[in-house]
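Colleague: Sequence and predicted model, in that order:
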Amino acid sequence: MKDSPIKYRLIKTEKHTGARLGEIITPHGTFPTPMFMPVGTLATVKTQSPEELKEMGAGIILSNTYHLWLRPGDELVKKAGGLHKFMNWDQPILTDSGGFQVFSLADTRKIEEEGVHFKSHLNGAPLFLSPEKAIQIQNNLGSDIMMSFDECPQFYQPYDYVKASVERTSRWAERGLNAHANKDRQGLFGIVQGAGFEDLRRQSARDLVSMDFPGYSIGGLAVGESHEEMNAVLDFTTSMLPTNKPRYLMGVGAPDSLIDGVIRGIDMFDCVLPTRIARNGTCMTSRGRLVVKNAQYAEDFRPLDENCDCYTCKNYTRAYIRHLIKCDETFGMRLTSTHNLHFLINLMKNVRQAIMDDNLLEFRQDFCEAYGYNKE
Ligand SMILES: CN(C)CCSCc1cc(N)cc2c(=O)[nH]c(N)nc12
Ligand SMILES: [Zn+2]
């Protein structure tokens with residue numbers, strides 16, 4: 001896409017892996033890659049203010065087409081001046097297309113060439129999403145990076161089902177591109193599907209690359225397959241994509257998956273993990289997961305992570321946070337969410353440095369040993 005508002009600048013490739021250091025330029029600012037993107041499904045990254053997100057180095061956040069279409073409605077957000085104004089976030093925003101939520105949330109859905117008929121997960125009302133509708137909603141939201149409407153098949157679906165699904169997703173991508181109203185202000189990514197089948201991933205990538213999207217998402221992963229299966233798909237998929245465009249691995253992930261995705265040439269990641277596990281007091285630390293609710297921390301007056309410089313670790317102890325979580329105090333979830341988001345954003349900062357220093361594999365070895373991953 002010649003005049004796309006989304007530009008990728010490749011700065012350096014890491015000497016021993018497929019990892020790359022880059023930056024993505026958008027109408028709302030530029031962010032470095034590889035980057036972890038906090039998820040703000042309902043126009044808020046749960047418990048965090050925009051100022052706190054900027055403070056911790058969040059370069060871009062996610063929001064969600066399906067959820068915002070249902071509540072408060074994309075027309076309302078448009079009337080408010082778009083998502084940036086509505087949620088007081090003046091940096092880049094990426095929205096998913098709603099496809100995934102229809103397949104993961106909605107009851108009784110019927111997939112047709114035209115689009116998907118399903119029932120609202122909120123009140124059971126009949127709904128219909130098509131590629132054109134998904135693009136129109138994202139145009140109304142005004143996100144900087146939009147996603148094509150796709151089907152995310154389960155990883156273990158039979159070959160013939162996945163083949164038909166990939167071919168329909170490619171047709172949907174083209175329809176979405178034709179329906180895109182703000183090509184000068186919003187970039188649209190194609191989403192590569194194909195489950196674990198190399199030839200179907202190649203067919204999907206070839207179809208989408210021929211449409212010249214400004215960036216490409218790798219979908220259909222982080223849907224229950226093993227870590228090894230995900231890595232195997234990435235091993236052959238990223239090389240099918242152009243090197244001068246960003247690659248976004250959707251729905252990933254845990255610290256080891258982020259590092260392994262970067263090694264295989266991924267630039268962008270998103271996952272609800274940090275805020276989701278924070279709500280029940282589970283924290284990611286440099287020494288592995290710590291469930292602060294556990295009794296062993298009742299009189300532990302150390303920070304969650306003695307190697308962390310986040311607001312939570314600089315000011316509060318495990319004992320205090322455990323007390324708040326046990327009493328269902330909202331501030332407890334705020335503190336654990338702050339720490340977990342900071343942990344993944346900071347991990348990506350350290351990974352970018354390791355790419356600069358050409359020692360990403362040593363970094364991975366040290367990180368995984370300290371975290372307790374029994375890596376080979
Ligand atoms: C906030 N996030 C949970 C939502 C953004 S990522 C959602 C998401 C996650 C995963 N794993 C696969 C896919 C996929 O194949 N297609 C789409 N459109 N979205 C996906
Ligand atoms: Zn911390």
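Modeller: Sure thing, it's come through. Ligands and ions are numbered 1, 2, ... in the order given.
Colleague: Count residues in the vicinity of the closest residue to ligand 2 within the stretch 1-150 of the chain, would you?
Modeller: Of all residues in the stretch 1-150 of the chain, residue 56 sits closest to ligand 2, at 9.6 Å by Cβ to the ion. All C-beta atoms are positioned from the backbone trio N, CA, C, and that covers glycine. Per other Cβ atoms under 10 Å, the neighbour tally for residue 56 reads 19.
Colleague: Give me the phi and psi for the closest residue to it other than its chain neighbours.
Modeller: Spatial nearest neighbour of residue 56, chain neighbours left out: residue 342 (4.6 Å); criterion: Cβ to Cβ, 6 or more residues apart in numbering. The phi/psi pair for residue 342 (degrees, to the nearest 10) reads phi -60, psi -40.
Colleague: got a list of contacts for the helix or strand residue 134 falls within?
Modeller: Here residue 134 sits within helix 131-141, counting by DSSP states H and E. For helix 131-141, the surrounding residues in contact (Cβ atoms under 8 Å, 6 or more residues apart in numbering) are 63, 65, 68-69, 74-75, 77-78, 82-83, 93, 95, 97-99, 115, 146-149, 172-173, 175-176, 179-182, 186, 188.
Colleague: which of those residues come close to ligand 1?
Modeller: When the contacts of helix 131-141 are checked against ligand 1 using Cβ under 6 Å from any ligand atom, the ones in range are 97, 99, 147.
Colleague: which residues in the stretch 201-350 of the chain form helices?
Modeller: Along the stretch 201-350 of the chain, counting by DSSP state H, counting those that start in this stretch, helices occupy 227-237, 255-263, 273-278, 311-315, 318-326, 330-356.
Colleague: Deepest in the core, which of the ones you listed is it.
Modeller: With neighbours defined as mean count of other Cβ atoms under 10 Å, the helices of the stretch 201-350 of the chain peak in mean count at helix 255-263, which reaches a mean of 23.
Colleague: Report the rounded mean pLDDT for that one.
Modeller: Mean per-residue pLDDT for helix 255-263: 98.
Colleague: For the residue in the chain sticking out farthest from the centre, which non-adjacent residue is closest in space?
Modeller: Relative to the centre of the chain, the most outlying C-alpha is that of residue 299, 36.2 Å out, by Cα atoms, centre = their mean. Leaving aside its chain neighbours, residue 299 sits nearest to residue 319 (5.7 Å; criterion: Cβ to Cβ, 6+ apart).
Colleague: isn't that neighbour right next to residue 296, touching?
Modeller: No - the criterion here is Cβ atoms under 8 Å, and residue 319 misses it with residue 296 at 10.6 Å.
Colleague: For residue 289, give the beta-bridge partners.
Modeller: Counting by DSSP bridges, residue 289 is bridged to residue 284.
Colleague: isn't it right up against residue 280?
Modeller: No - between residue 289 and residue 280 there is no contact under Cβ under 8 Å: 11.8 Å.
Colleague: State the distance from residue 286 to ligand 1.
Modeller: Residue 286 sits 25 Å away from ligand 1 when distances are taken as Cβ to the nearest ligand atom, to the nearest Å.
Colleague: quick one, phi psi at residue 146?
Modeller: phi -110, psi 160.
Colleague: Output the set of residues of the chain in proximity to ligand 2.
Modeller: Contact residues, the chain versus ligand 2 (Cβ under 5 Å from the ion): 308, 310, 312-313, 339.
Colleague: Just send those back as TSV, with pLDDT and distance to residue 355 too.
Modeller: Shown next, in TSV, are the residues of the chain next to ligand 2 (pLDDT from 0 to 100; distance: Cβ to Cβ, whole Å):
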residue	pLDDT	distance to residue 355
308	98	22
310	98	23
312	98	28
313	98	26
339	98	25
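Colleague: So which of those is the closest to residue 324?
Modeller: When the residues of the chain next to ligand 2 are compared for distance to residue 324 (Cβ to Cβ), residue 312 wins out at 11.0 Å.
Colleague: which ones are touching that closest one?
Modeller: Contacts of residue 312 by Cβ under 8 Å, 6+ apart are 303-304, 321, 335-336, 338-339, 342.
Colleague: next one: residue 4
Modeller: 183, 187, 214.
Colleague: Residue 263 and residue 360 touch, don't they?
Modeller: Yes - if you go by Cβ under 8 Å, residue 263 and residue 360 touch, sitting 6.4 Å apart.
Colleague: Overlap in contacts, the two.
Modeller: With Cβ under 8 Å, 6+ apart as the test, residue 263 and residue 360 both reach 17, 19.
Colleague: So which residue is smack in the middle of the chain?
Modeller: residue 270 (1.8 Å).
Colleague: Enumerate the residues of this protein near ligand 1.
Modeller: Close to ligand 1, as judged by Cβ under 6 Å from any ligand atom, the chain has residues 39, 41, 62, 64, 96-97, 99-100, 147, 150, 152, 191, 219-223, 250-251, 270, 272.
Colleague: hmm, try it at 8 Å
Modeller: Taking Cβ under 8 Å from any ligand atom, the part of the chain that reaches ligand 1 is made up of 39, 41, 62, 64, 96-101, 147-150, 152, 191, 193, 217, 219-223, 250-252, 270-272.
Colleague: Can you flag which of those belong to strands?
Modeller: Filtering the residues of the chain next to ligand 1 for membership in strands, criterion DSSP state E, returns 62, 64, 96, 147, 191, 217, 270.
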